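> any chance you could fold what I've pasted below:
(chains A, B, C and D)
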Number of protein chains: 2
Amino acid sequence: MNLSTPLTRPSLHEELVTRLRQAIVEGSLEPGAKVPERELCENLGVSRTPLREALKVLANEGLVILQSNRGARISKVTMEELEHAFPVIAVLEGLAGELACDLASDTEIAQIVARHNDMFRHYEAGDRPAYFQANHDIHAALMAAARNDVLAQHYAMLSSRVERARLLANVSDSRWAEAVEEHRGIVKAIEARDGALLSALLRTHLNNKLAALKKALS
Amino acid sequence: MNLSTPLTRPSLHEELVTRLRQAIVEGSLEPGAKVPERELCENLGVSRTPLREALKVLANEGLVILQSNRGARISKVTMEELEHAFPVIAVLEGLAGELACDLASDTEIAQIVARHNDMFRHYEAGDRPAYFQANHDIHAALMAAARNDVLAQHYAMLSSRVERARLLANVSDSRWAEAVEEHRGIVKAIEARDGALLSALLRTHLNNKLAALKKALS
DNA sequence: ATTTTGAATTATGAATACAATTTGAAAAGA
DNA sequence: TCTTTTCAAATTGTATTCATAATTCAAAAT
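Residues are numbered from 1 along each chain as shown, chains lettered A, B, ... in the order given. Below you'll find the model as predicted:
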């Protein structure tokens, strides 16, 4: 049991930020919808003050839009936002890949490889949800291996803004196959700890992902 | 007179975020210092509610640390943070360079070149403040030319966290000369619209900047 | 029938009130 | 003299209140 960290229960606004962010990302709070301030307060058993504090934070992250004297709305995922966010995510993942190749332990590498094998199995089984989960885990593991808090923080922020697009558009089977192929290259580069190659592969992987999304959404 | 834009006066918390951020970045609010909530409220003529909303936002940006039941402190710029932030800034600037080479108008390119010439003059004159200002303007102009809001937003956020380090350490004359040399390469790549080269030069420029900071701070 | 108006209602932004926690100095004890 | 304890004052987190702006909707006007 950890006795060194001074136990602090998180403030209401922090909990609210976390829960609201999650609700927005998973789509429980629909893009474009007004944030029902009073209702949320009642459901969550808090007053307006911490809720509004949380909304300001989420607005700063781009998940919520504040309209003066008209309350808050869940921001919509626009094509423009995706086109802007993806290249940024791409270079961040690229950096994570480079760092991970330098810094990851052999165990971490092995885990990322193992998750890849999981993912490939889910693809063979045609299990999209499980595939997505494994894919998500891989990117998270890579980010963790890069040992860079600032990088992870900004990556998380951008991911939350973009992940909602997945709910809007199912990618085609052919793109899915392509993505799996790309991941076979990625996992090889990781095993070889070839940072430059990995970085390049991750960037093109994400650029292709954006292209597929664009096609699926248009 | 513009009659098309719906007039909106900014909310108090937004103004506070802007002003406090500026105060933190320029050092008026010292790293590590407690945020004097009551005093700030009196000076700025606002109640605690909007001030506290602003503090939550700044905490989310990493400029302020919230300690439960103990109020807020201005965050310190740690070596670890610099080591984490600089590589991220580097890839973001790299991306900005690539995008700018593709997207910038000839006028924008010319302006960036012109600002470089300003900067070189300030270097010859040994005018550090003017040099820094020109340098800052160059990076801002490059970012604007990249036409990517998400990129600009994250770049701004990271810059604000890191810019304070400049107040802590004056870089050496030899590093200054080196930086100017690097900028000569950078401006050439911009003029040639060579995105890949520019990206690489910007990344190494920033990595060298970090190394110089590390030396100056240790 | 459709649009316009304006009073009533509701929602929002900001200030204030209140309860819980921390702080710091004086008092008590070693 | 140096700790430790105690307790009032100050600070903080959250709830509530209040003034103002936006919305609604029924009545009036076109």
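
> so who does the nearest residue to residue A:96 once chain neighbours are set aside touch?
Spatial nearest neighbour of residue A:96, chain neighbours left out: residue A:146 (4.1 Å); criterion: CB to CB, 6 or more residues apart in numbering or on different chains. No exception for glycine: its C-beta is placed from N, CA and C like everyone else's. Applying CB atoms under 8 Å, 6 or more residues apart in numbering or on different chains to residue A:146 gives the contacts A:95-97, A:99-100, A:103-104, A:152.

> those residues in helices, which ones?
Counting by DSSP state H, those place A:95-97, A:99-100, A:103, A:152 in helices.

> quick check on those: which are buried?
A:95-97, A:99-100, A:152 (16 or more other CB atoms under 10 Å in any protein chain shown).

> and the residue nearest the centre of chain A, what element?
Nearest to the geometric centre of chain A sits residue A:159, at 3.0 Å (CA atoms, centre = their mean). Using DSSP states H and E, residue A:159 sits within helix A:149-163.

> stretch A:30-43 and DNA strand C in contact?
Yes: residues of stretch A:30-43 contacting DNA strand C under CB under 7 Å from any atom of the strand: A:34, A:37-38.

> Serialize the residues you listed to a markdown table and add fields for secondary structure.
Below are the residues of stretch A:30-43 next to DNA strand C laid out as a markdown table (DSSP: H, G, I helix; E, B strand; the rest coil):
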| residue | secondary structure |
| --- | --- |
| A:34 | strand |
| A:37 | helix |
| A:38 | helix |
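
> so what pLDDT did the residue nearest to the centre of chain A get?
We have a pLDDT of 97 for residue A:159.

> next up, phi/psi of the nearest residue in space to residue A:11 that is not next to it in sequence, please.
In space, residue A:11 comes closest to residue B:68 once its chain neighbours are excluded; the distance is 5.7 Å by CB to CB, 6+ apart. With angles defined as degrees, to the nearest 10, residue B:68 sits at phi -60, psi 130.

> do the same with residue A:65
Torsion angles, degrees, to the nearest 10, at residue A:65: phi -110, psi 130.

> repeat for residue A:66
The phi and psi torsions at residue A:66 (degrees, to the nearest 10) take the values phi -100, psi 130.

> for DNA strand C, what's its nearest residue on chain A.
Closest approach between chain A and DNA strand C, counting by CB to the nearest atom of the strand: residue A:71, at 2.4 Å.

> residues contacting residue A:73?
A:32-35, A:64-65, A:67.

> mind doing that once more with 10 Å?
Residue A:73 is in contact with A:29-35, A:59, A:64-67, counting by CB atoms under 10 Å, 6 or more residues apart in numbering or on different chains.

> any part of the helix or strand of chain A with the lowest mean pLDDT near chain B?
Across the helices and strands of chain A, mean pLDDT, DSSP states H and E gives its lowest value to helix A:165-168, namely a mean of 88. No: residues of helix A:165-168 are not located near chain B by CB under 10 Å from any CB of the partner chain, the shortest gap being 13.4 Å.

> okay, the spatially closest residue to residue A:212 that is not a sequence neighbour and residue B:191: tell me how far apart.
Leaving out its chain neighbours, the residue that sits closest to residue A:212 by CB to CB, 6+ apart is residue A:175, at 4.3 Å. To residue B:191, residue A:175 is 39 Å away according to CB to CB, to the nearest Å.

> where does pLDDT dip in chain A?
A:1-9 (pLDDT under 70).
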